[in-house]
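Asks: pasting the structure only:
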Ligand code: PRX
């Protein structure tokens, strides 16, 4: 495999008719976007409706020594993003166009929604929210599977200027409760139950526990609106009579608080189908979304309206080379930023037709992704390397069973893509004719910041290549000196682009501290990167105590604090270890209390604890009994050494600061057998 050439030029079929047909065209547009941002973004701006035009195009400060960090785009302008996504597109004649093909967890469960119908549903739900007392600026929590109601709810919030705060429905009740407490959520939306693959998730029960947790912490959530999802699943699932009867029984058990809870369908019944949009300022908040922080406490990343709209729309159009009539599918959950920008806002801003998928790649068979691509004749497919690696294990047959000729662009997001996975994606899924867009970005960046462009950028497997328009990446060394030309360093950005976050909800100080204190004048991503001799950028991974398990970013501190809460744990230290499918996994060193037996029960209690407190995706792979941890003389845990122990690499480098060297030898000896 290594004998293959490293550079993959875009295929002829991808080049033909692509928006950006050559690297010269890209370079020229990129240069213009930096030289005169107002000129560049004005063309995008003009496509949308602004109730009031902007007065100041753009202003910012990235340097704390010059005052508070601030990022502003289109100040003075007012608009409504929901109006731009729905009403505007309908006015342009796209009312009967399909906005979403919904594909349920079960293949027999599917539906579709046009732009016109979507507007009607959004207006009705916006009126429901108003009837619950939600007004501009209020936070609305969403804890739902991938169903159309989730998108309707997001846009209904945007229509009335409320701020949605979505929590991925794989998070635990504690995680949901903490986030709803932090954002002072007024109304929380959920479903009775959902299936993920074969697994029945009791989302309403989890929500109830979360509401209680928020209330125990001191914030009362006023209303909970529940979509009745299970009965309609059973209706389409070809259940046997016995199974249907069982589901009916389950449904009767939905926990209920008469004063607080209501059913989505009952509220919608009498709601008006029109709702005048609330015009908001370009810099008014659109949504917040929690992401892990290296101190362990999640950060409520806040995105605003005008700049985000322009950026989501533009990145979607160019990065997926989306043309009217194409069918696009992003497999990400709306609980993550990818679901926000590239399932909802970006596609709808372009009047696109998308697939929205509730299930998993493995249900009912390991060919589900390819069956869905074939069923809807998907042209652009966007998924995560972890999914690709998991599917590679099943060989070529599940892919080859289906016709994938419709595919033109294949996207990758969330973590570095290894060469083997890239080649499998390119050769087998893309039939060597599709462009692969390895998109690097973050919850904080709002949209793609480093990415190839289809039909334009010659690809190198594993490289996110070059910056998107308006983005100016810089590599810095340890002292903050700029690395010109080839080299490796900290990946930072010199100026904001329109879709970048504006602050952390309720904590601007932490925002400045986390992102702008390490290097004055730059936004620090927390990632390292390398620039090769051709100028290609290769993201090398986190430079802080964060890790990326199957594309889910989490902090070692977050897991450590959950483990340390177990009464049998004296000390816990968590490091990441490479994993063939997940990318990285959690390797936990545990020093037990003297009275605690280190047996299978204890290990399983620790694993369950992390699953329950954070979520199943955070489940540790290895629990290592560590009677003592390697520490410096001042008592600091030497994680660098723990990372070496986790991969059984005896080459541990300088140990002169270690307080007790024998600890390291005994940890190497006691590595659990299955690790
Ligand atoms: O470490 C980078 C990695 O994922 C982090 C951002 O995670 P999150 O905010 O959850 O957003 C994920 C979806 C945008 C980054 O700091 N990451 C994301 N995309 C890539 C990546 N690492 C390498 N290559 C990528 N394409």
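Replies: Happy to help now that I have it. From a predicted model like this one, the values you see are computed outputs, not experimental measurements.

Asks: could you tell me the end-to-end distance of stretch 454-470?
Replies: Separation of the first and last residues of stretch 454-470 by Cα to Cα, to the nearest Å is 18 Å.

Asks: so that stretch, near the ligand or not?
Replies: Yes: where contact is defined by Cβ under 6 Å from any ligand atom, part of stretch 454-470 touches the ligand, namely residue 464. C-beta here means a position set from N, CA and C on the backbone, and glycine is covered the same way.

Asks: quick one: buried residues of that stretch?
Replies: Within stretch 454-470, the residues that qualify as buried are 454-457, 459-470, counting by 16 or more other Cβ atoms under 10 Å.

Asks: kindly report the same for stretch 122-135.
Replies: In terms of neighbour count (16+ other Cβ under 10 Å), stretch 122-135 has its buried residues at 122-130, 132, 134.

Asks: excluding sequence neighbours, find me the nearest residue to the closest residue to the ligand within the stretch 551-675 of the chain.
Replies: Proximity to the ligand, evaluated over the stretch 551-675 of the chain using Cβ to the nearest ligand atom, is greatest for residue 553 at 3.9 Å. For residue 553, the nearest residue in space outside its immediate sequence neighbours is residue 292; the separation is 5.1 Å by Cβ to Cβ, 6 or more residues apart in numbering.

Asks: would you mind listing what in this structure touches the ligand?
Replies: By the rule Cβ under 6 Å from any ligand atom, the part of the chain lying against the ligand is 291, 337-338, 413-416, 438-443, 464, 525-527, 539, 542, 548, 553.

Asks: give me the low-pLDDT residue ranges for the chain?
Replies: Under the criterion of pLDDT under 70, the regions of the chain flagged as low confidence span 1-5, 233-239, 674-675.

Asks: again, 80 this time
Replies: Residues of the chain that meet the criterion pLDDT under 80 lie in 1-5, 231-252, 294-296, 633-635, 674-675.

Asks: one step back: what helix or strand is the residue of the stretch 551-675 of the chain closest to the ligand located in?
Replies: Taking DSSP states H and E as the definition, residue 553 sits inside strand 552-555.

Asks: starting at the chain centroid, how far to that strand?
Replies: On the basis of Cα atoms, centre = their mean, to the nearest Å, the separation between the geometric centre of strand 552-555 and that of its chain is 11 Å.

Asks: spell out the residue ranges of the helices in the stretch 301-450 of the chain.
Replies: 306-319, 337-339, 346-349, 368-376, 385-392, 397-400, 419-424 (DSSP state H, counting those that start in this stretch).

Asks: remind me what the third one packs against, helices and strands.
Replies: Here helix 346-349 touches helix 306-319, going by 3 or more Cβ pairs under 8 Å, 6 or more residues apart in numbering; DSSP states H and E.

Asks: for the residue nearest to residue 426 when sequence neighbours are not counted, give its distance to residue 424.
Replies: Residue nearest to residue 426 in three dimensions, not counting chain neighbours: residue 436, with 5.6 Å by Cβ to Cβ, 6+ apart. Remark: distance between residue 436 and residue 424 (Cβ to Cβ, to the nearest Å) = 11 Å.

Asks: which of the two has more residues huddled nearby?
Replies: Counted by other Cβ atoms under 10 Å, residue 436 and residue 424 do not tie: residue 436 has more neighbours, with 23 against 18.

Asks: got a list of what the more buried one touches?
Replies: By Cβ atoms under 8 Å, 6 or more residues apart in numbering, the contact set of residue 436 is 8, 409-412, 422, 425-426, 430, 452, 459, 461.

Asks: and if you look at residue 13?
Replies: Listed by Cβ under 8 Å, 6+ apart, the contact set of residue 13 reads 408, 433.

Asks: checking my notes, it in a strand, right?
Replies: No: membership of residue 13 in a strand is not supported by DSSP: H, G, I helix; E, B strand; the rest coil, which gives helix.

Asks: hang on, the earlier thing: nearest to the ligand, of the buried residues of stretch 122-135?
Replies: Sorting the buried residues of stretch 122-135 by distance to the ligand puts residue 122 at the head of the list, at 25.6 Å, by Cβ to the nearest ligand atom.

Asks: and the contacts of the host helix or strand of that closest one?
Replies: Assignment of secondary structure by DSSP H and E places residue 122 within helix 115-131. Contacts made with helix 115-131 from outside it, assessed by Cβ under 8 Å, 6+ apart, are listed as 82, 86-87, 89-90, 94-97, 99-100, 113, 140, 148-149, 151-153, 155-157, 159-160, 162, 187, 225, 264, 267-268, 271-275, 351.

Asks: check which helices and strands whatever helix or strand comes next after it sits against.
Replies: Beyond helix 115-131 in the direction of the C-terminus, DSSP H and E gives the next helix or strand as strand 139-142. Other helices and strands packing on strand 139-142, by 3+ Cβ pairs under 8 Å, 6+ apart, are helix 148-159, strand 163-166, helix 173-183, strand 187-191.

Asks: now these as a markdown table including distance to residue 644 and mean neighbour count?
Replies: Rendered in a markdown table, the data for the helices and strands packed on strand 139-142 read as follows (distance: least, Cβ to Cβ, whole Å; neighbours: other Cβ atoms under 10 Å):
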| stretch | distance to residue 644 | mean neighbour count |
| --- | --- | --- |
| helix 148-159 | 43 | 26 |
| strand 163-166 | 38 | 25 |
| helix 173-183 | 31 | 23 |
| strand 187-191 | 44 | 27 |
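
Asks: I'd like a version of these in CSV, one that adds distance to residue 45 as further columns.
Replies: Compiled in CSV, those are given as follows (distance: least, Cβ to Cβ, whole Å):
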stretch, distance to residue 45
helix 148-159, 18
strand 163-166, 23
helix 173-183, 30
strand 187-191, 32
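
Asks: relative to residue 485, which of the ones you listed is closest?
Replies: Each of those was scored for nearness to residue 485 using Cβ to Cβ, and the closest is strand 163-166 (41.4 Å).

Asks: how near is the closest residue to residue 516 other than its chain neighbours to residue 505?
Replies: Once its chain neighbours are removed from consideration, residue 516 has its nearest residue in residue 69; the separation is 5.1 Å (Cβ to Cβ, 6+ apart). Here residue 69 is placed at a distance of 15 Å from residue 505 (Cβ to Cβ).

Asks: and for residue 175?
Replies: For residue 175, the distance to residue 505 under the criterion Cβ to Cβ works out to 16 Å.

Asks: before we move on, the earlier item: next up, the contacts around the residue nearest to residue 516.
Replies: 61-62, 508, 511-512, 515-516.

Asks: run a quick neighbour tally on residue 547.
Replies: By other Cβ under 10 Å, the residues close to residue 547 number 25.

Asks: element containing it?
Replies: According to DSSP H and E, residue 547 maps onto strand 546-549.

Asks: if we can go back for a sec, quick one: which of the contacts of residue 436 is most hemmed in?
Replies: Of all those, the most densely surrounded is residue 411 (29 neighbours; neighbours counted as other Cβ under 10 Å).

Asks: dump the residue contacts of the residue nearest to residue 559 when sequence neighbours are not counted.
Replies: With Cβ to Cβ, 6+ apart as the criterion, residue 559 has its nearest non-adjacent residue at 4.7 Å, and that residue is residue 574. Neighbouring residues of residue 574 by Cβ under 8 Å, 6+ apart: 556, 559-560, 563, 586-589, 620.

Asks: what's the distance between residue 656 and residue 478?
Replies: From residue 656 over to residue 478 the distance is 20 Å, taken as Cβ to Cβ.

Asks: would you map out the domains in this structure?
Replies: 80-360, 550-670 (the TED database).

Asks: highest average neighbour count across the ones you listed?
Replies: domain 80-360 (a mean of 21; mean count of other Cβ atoms under 10 Å).

Asks: check the offset of that one from the chain's centre.
Replies: Domain 80-360 has its C-alpha centroid displaced from the chain centroid by 14 Å (Cα atoms, centre = their mean).
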